[in-house]
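Chemist: Sequence and predicted model, in that order:
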Amino acid sequence: MTDRPGHRRAPARARDGGHRRPAPLAPDSLAMSLSLAGQLVAAVVEGKALTEQLAHSRRRHTAPDINWGAVQDLTYGTLRDYGRGDAVLGQFLQKPLPAALHGVLLVAFHRLEQRHDQAHTIVDQAVSAAASLAPGLKGVVNGVLRNILRRFDALVTRLDATPETRLRHPDWWIRRLRASYPDDWEAILAAGNQHPPMALRVNRRRLTPEAGLARLAEAGIAARLLDNGALCLERACPVDQIPGFFTGDFSVQDAGAQWAARWLAPRDGERILDACAAPGGKTAHLLELADVDLTALELDPARATRIEENLERLGLSARIEVADCADLERWWDGRPFDRILADVPCSASGVVRRHPDIKWLRRNTDIPRFAAQQASLLDALWRTLAPGGTMLYVTCSVFDEENRSQIARFCARHADAIRMAIDNQIERIVLPGADHDGFYYALLQKHR
Ligand SMILES: C[S@@+](CC[C@H](N)C(=O)[O-])C[C@H]1O[C@@H](n2cnc3c(N)ncnc32)[C@H](O)[C@@H]1O
């Protein structure tokens, strides 16, 4: 297999199968869902980010009956299956297909693995989806899928015998995890292939986690209270069903991310910097825990508006600045901070199940680039920390180069950096699991 799956795709024009008029699809049909999901998967395989493509697709396809839940499930599921569909299609496609058709085949294969009891419906609907995209090629799609069906069990057995397709992650990713976590690497990969849990943060200014749990139970929402006060829902639900969400009693935030504000431990009256703040989940959490003078920095202006929206819903306030946190000349008034939250940009390999496009978009060579960027942000931020002040370094990565080795290199560069224990441990590697995503935390104090 090539470095990136999808090697048997061709530009949309390559084989459009002539000029037959495309057959329209019923908006609420499985064929429509397969077609839209196939186009989204094709866009990601071509290097586009899923969130933007999904928003773009929703703006373009406005029929009210489209089952966007199904489209999303099929798209995310297919992308989580990294490499499986391509490994199979590679055996059946003699020539590349237009990208969207290739996408439909990938989605159809994913669905066949999930719901083999519906195999014939899936094939029929995928052929209709193909006919709507490229009428002249529906025979090819039909032939490929029926061939796959004929040899299905043998194909799946073969997929499960190869690490990349069994574990549904790129080879380089598997190698990195295996080297850093000899005992846990398979569990980390397995967690990355699951549906993410939904967790809520209780606004401690309004209610206790126990009271929050009771409020949810009254609304018929089953949840568990985790040891950091996060509420993990048994089943994800839309925010408009969460009582008091719009008035700021709850926020949606992964339970692993809810350690950040606790471990930075803000105290009333302190000057705090949240250096990479959007969309503002951790900013808000810090403000819920103490009355602090908080500066929230964010490089991306569009994302910075989300901090504002979040704080407004929660009735909280901070100084929000759009700036590169490393460009001190531009934003820093020279007054040091008591505490800094450095939730730096990273590979996001710990949250891959929420963003399965990451597996397709990232390259092994991106990781040292992220590490270099993180190092320069850390070095700049360290200058703004008061002697005796603390900085919490956070990533949502599971790669050592961005985590443990990053902090080891930082401490080697800064003789005034003291490693502080977090709950009696020198660092916290929060591995992704059933209740939360994957994070890394290290706490550093500046020598007085
Ligand atoms: C991991 S996210 C932060 C999540 C946020 N702390 C929260 O809990 O909601 C990293 C953020 O840093 C921003 N960012 C990246 N480079 C930056 C820089 N040089 N200065 C400030 N913000 C930056 C990104 O746009 C992104 O919004």
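Modeler: Cool, got the structure.

Chemist: and the nearest residue to Gly85 once chain neighbours are set aside, helix, strand or coil?
Modeler: Distances taken as C-beta to C-beta, 6 or more residues apart in numbering put Leu106 closest to Gly85, at 3.8 Å, once the chain neighbours are dropped. For every residue, glycine as well, the C-beta is placed using N, CA and C. Under DSSP: H, G, I helix; E, B strand; the rest coil, Leu106 falls in the helix class.

Chemist: likewise the one 4 residues further on?
Modeler: In terms of secondary structure, His110 is helix; the call rests on three-state DSSP.

Chemist: Low-confidence regions, the stretch 151-300 of the chain specifically.
Modeler: Within the stretch 151-300 of the chain, not a single segment meets pLDDT under 70.

Chemist: Looking at it, what residue ends up closest to the ligand?
Modeler: Going by C-beta to the nearest ligand atom, the ligand is nearest to Cys276 of the stretch 151-300 of the chain, at 3.1 Å.

Chemist: Test my guess that that residue contacts Cys346.
Modeler: No. Counting by C-beta atoms under 8 Å, Cys276 stays clear of Cys346, with 9.7 Å between them.

Chemist: Just say helix, strand or coil for Cys276.
Modeler: Secondary structure assignment for Cys276 (three-state DSSP): coil.

Chemist: Just the local confidence number for the nearest residue to it once chain neighbours are set aside, please.
Modeler: Leaving aside its sequence neighbours, Cys276 sits nearest to Asp343 (C-beta to C-beta, 6+ apart; 5.1 Å). In this prediction, Asp343 carries a pLDDT score of 98.

Chemist: quick one: Asp343 from Gln94, how far?
Modeler: Here the criterion is C-beta to C-beta, to the nearest Å. By it, Asp343 lies 49 Å from Gln94.

Chemist: sec struct for Leu213, please.
Modeler: Following three-state DSSP, Leu213 is assigned to helix.

Chemist: List the contacts of it.
Modeler: Ala223, Leu225, Leu231 (C-beta atoms under 8 Å, 6 or more residues apart in numbering).

Chemist: Just the buried ones among the residues you listed, please.
Modeler: Buried subset of the contacts of Leu213 (neighbour count, 16 or more other C-beta atoms under 10 Å): Ala223, Leu231.

Chemist: How many neighbouring residues does the nearest residue to Leu167 once chain neighbours are set aside have?
Modeler: Closest residue to Leu167 apart from its sequence neighbours, by C-beta to C-beta, 6+ apart: Leu189 at 4.7 Å. Residues lying near Leu189 (other C-beta atoms under 10 Å) number 22.

Chemist: With Val156 instead?
Modeler: By other C-beta under 10 Å, the residues close to Val156 number 16.

Chemist: residues near the residue nearest to Cys276, how many?
Modeler: 23.

Chemist: That one bridge partners, please.
Modeler: On the basis of DSSP bridges, Asp343 takes part in beta bridges with Val394.

Chemist: So it sits against Ala261, correct?
Modeler: No. At 10.6 Å, Asp343 does not count as touching Ala261 under the criterion of C-beta under 8 Å.

Chemist: tell me, what's touching those two both at once?
Modeler: Common neighbours of Asp343 and Ala261 (C-beta under 8 Å, 6+ apart) are Lys282.

Chemist: Could you pull out the buried residues of the longest helix that the chain contains?
Modeler: The residue-count maximum for a helix in the chain (DSSP state H) belongs to helix 366-383. Within helix 366-383, the residues that count as buried by 16+ other C-beta under 10 Å are Ile367, Phe370, Ala371, Gln374, Ala375, Leu377, Leu378, Ala380, Leu381, Trp382.

Chemist: Dump that helix to CSV, restricted to CA.
Modeler: Extracted in CSV, the C-alpha atoms of helix 366-383 (Å, rounded to 0.1, in the frame of the first residue of the first chain):
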residue,chain,number,x,y,z
ASP,A,366,4.5,16.9,10.3
ILE,A,367,5.4,15.8,13.8
PRO,A,368,8.9,17.3,14.1
ARG,A,369,7.4,20.5,12.5
PHE,A,370,4.7,20.6,15.3
ALA,A,371,7.4,20.0,17.9
ALA,A,372,9.6,22.8,16.6
GLN,A,373,6.6,25.2,16.6
GLN,A,374,5.7,24.2,20.2
ALA,A,375,9.2,24.7,21.3
SER,A,376,9.3,28.2,20.0
LEU,A,377,5.9,29.1,21.5
LEU,A,378,7.1,27.7,24.9
ASP,A,379,10.3,29.7,24.8
ALA,A,380,8.5,32.9,24.1
LEU,A,381,5.8,32.3,26.7
TRP,A,382,8.3,31.5,29.4
ARG,A,383,9.6,35.1,29.2
